[in-house]
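Asks: Predicted model and sequence below, questions to follow.
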Amino acid sequence: MSDEFLMLRRAVLLQLDAVFPAGLPPATILEGLRLAGFDCGLNDVQRNLEYLRQKGLVEIRPSRISASSVRASLTSEGEEYLESGEFY
């Protein structure tokens, strides 16, 4: 796995940590990644969110207002991962 994927995933987790316990829609996460200098698209964000979900670090759920919208939020395991400082 490339270091770029690790940095992108860490940047996603840090964004979610900043708004914890709330969540963010993938499009907002994408804008944050682009502002941080990542060259990626919405598919990249969604793919990495799904990876982080499968690892138990992120929860993805439909918006309460619109089922067609989803929001990602940090899980307690994701918070512990960030606090551990072990980014691999």
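Replies: Nice, I can see it. What you are looking at is a predicted structure, and each value in this text was computed from that prediction instead of being measured. Numbers count the residues shown, from 1 in each chain.
Asks: residue nearest the centroid of the protein?
Replies: For the chain, the residue nearest the mean C-alpha position is V12 (3.6 Å; Cα atoms, centre = their mean).
Asks: Isn't L57 up against T75?
Replies: Yes. Shown here, L57 and T75 form a contact pair, counting by Cβ atoms under 8 Å, at 6.0 Å. Every residue, glycine included, has its C-beta placed from N, CA and C.
Asks: So which of those two has more stuff around it?
Replies: Neighbour totals were compared for L57 and T75, and L57 leads with 22 against 17 (other Cβ atoms under 10 Å).
Asks: any idea how far the residue lying closest to that one once chain neighbours are set aside lies from G37?
Replies: Closest residue to L57 apart from its sequence neighbours, by Cβ to Cβ, 6 or more residues apart in numbering: G78 at 3.7 Å. Between G78 and G37 the distance is 22 Å, computed by Cβ to Cβ, to the nearest Å.
Asks: Looking at those two, which one has more neighbours?
Replies: Set G78 next to G37 and count neighbours by other Cβ under 10 Å: G78 wins out with 23 against 8.
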